[in-house]
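>>> quick one, structure for this:
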Amino acid sequence: MSNATRTVPAEPTTSEPISAGPIITGPAAAKRRIRAGQERTNWPATVVLIVCTLAVLVPLYVTISMAFKTTGQAVDGNAFSLPSPLSFDSFGQAWTLTNFPRGFAISVFVSVTAVAGEIIVSALAAYAIVRNWDRRLFRWSFFYLLAAMFIPFPVVALPQIQLTGLVGLDNPLGVAILHIVFALAFNTMLFTAFLRSIPLELEESMRMDGAGTWQVFWKLIFPLLGPMSATVGIFAFIASWNDFMMPSLIISDPEMQTIPVLQKIFQTQFSNSYNVAFASYLMAMAPAIVVYLFTQRWVMSGLTQGAVK
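Model (predicted):
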């Protein structure tokens, strides 16, 4: 009996190359290379940004250079020249003329009160609206606040002047309260957008442990609102610090005015002393510039986090 031999076909020693997909050529390949990091410069947008930057930096440069000039250098007609030599006398004159320490303290009081009040009141209002959105009263309250954004202060300035005078708030405290009230609509909208991105399950787990509404807000929600609170605080500080119209109309005592109003009061005495005027302006805007430079990253952080749910 003979053994049958089975012939097994040999496996191919070579394998076909794996196809990597169609090769892209032409305009599509050029677009892919651009997306890979070889982006073209958007010249129209670049030119607009350069113009806007110069519109801010050139006046700032003139303000700084004029503030360090002597009176003779300030009136020579060359505003872009560098001060030579540097003179600090204009700062001393502006400090004494406007009673800068008192005006600075009043402006700080108004700004700090407005910042704290806007953050707390707006956060509480937004929390109540978001967590009770299914109730008609809270939903329509939000729409009412949005409608209030279209009413500027000059439209209701006269009734506010009369009302603050009747209740004894024609002082810096009254100005701070009005800042809180008129910024409530915009700040509540920001906090509302941010609160919608916070999962409700976090509150439910805390309530299961026996926490009440106030404990949930102060121990859980308010710390999570940190980025948006910083954004609202920056906007509130800059708006209250640079505000001229509201303090000039509400505060009845000239000695209790804020820095912007004091500069307007003494503007006639600055008419022949440009260096003193610019020194006063520089001292007034320096705190706002410093605060924004050190906290600007919080602005975009809070806005972008509130825009993503």
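
>>> what is the end-to-end distance of stretch 263-279?
Start-to-end span of stretch 263-279 (CA to CA, to the nearest Å) is 11 Å.

>>> so where's the longest helix in this structure?
Longest helix in the chain, counting residues (DSSP state H): helix 274-307.

>>> now for it, which elements pack on it?
Here helix 274-307 touches helix 43-67, helix 71-74, helix 89-97, helix 184-195, helix 226-242, helix 259-265, going by 3 or more CB pairs under 8 Å, 6 or more residues apart in numbering; DSSP states H and E. Every residue, glycine included, has its C-beta placed from N, CA and C.

>>> so which of these comes closest to S122?
Closest to S122 of the helices and strands packed on helix 274-307, according to CB to CB: helix 184-195, at 3.6 Å.

>>> what does that closest one contact?
118-119, 121-123, 125-127, 129-130, 142, 145-146, 148-149, 221, 225, 227-228, 231-232, 235-236, 302-303, 305-307 (CB atoms under 8 Å, 6 or more residues apart in numbering).

>>> if you count neighbours, what's buried in it?
Of all the residues in helix 184-195, those buried under the rule 16 or more other CB atoms under 10 Å are 184-195.

>>> same question, stretch 247-259
Quick answer for stretch 247-259 (16+ other CB under 10 Å): 247-251, 256-259.

>>> switch those over to TSV; also include pLDDT and secondary structure.
What follows is these, written out as TSV (pLDDT from 0 to 100; DSSP: H, G, I helix; E, B strand; the rest coil):
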residue	pLDDT	secondary structure
P247	93	helix
S248	92	helix
L249	91	helix
I250	93	helix
I251	93	coil
M256	91	helix
Q257	91	coil
T258	92	coil
I259	91	helix
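
>>> just the closest of the residues you listed to T96, please.
Distances from T96 to the buried residues of stretch 247-259, taken as CB to CB, are shortest for I259 (14.5 Å).

>>> now do A279 against V291, distance only.
20 Å (CB to CB, to the nearest Å).

>>> more neighbours, the two?
Neighbour totals were compared for A279 and V291, and A279 leads with 29 against 16 (other CB atoms under 10 Å).
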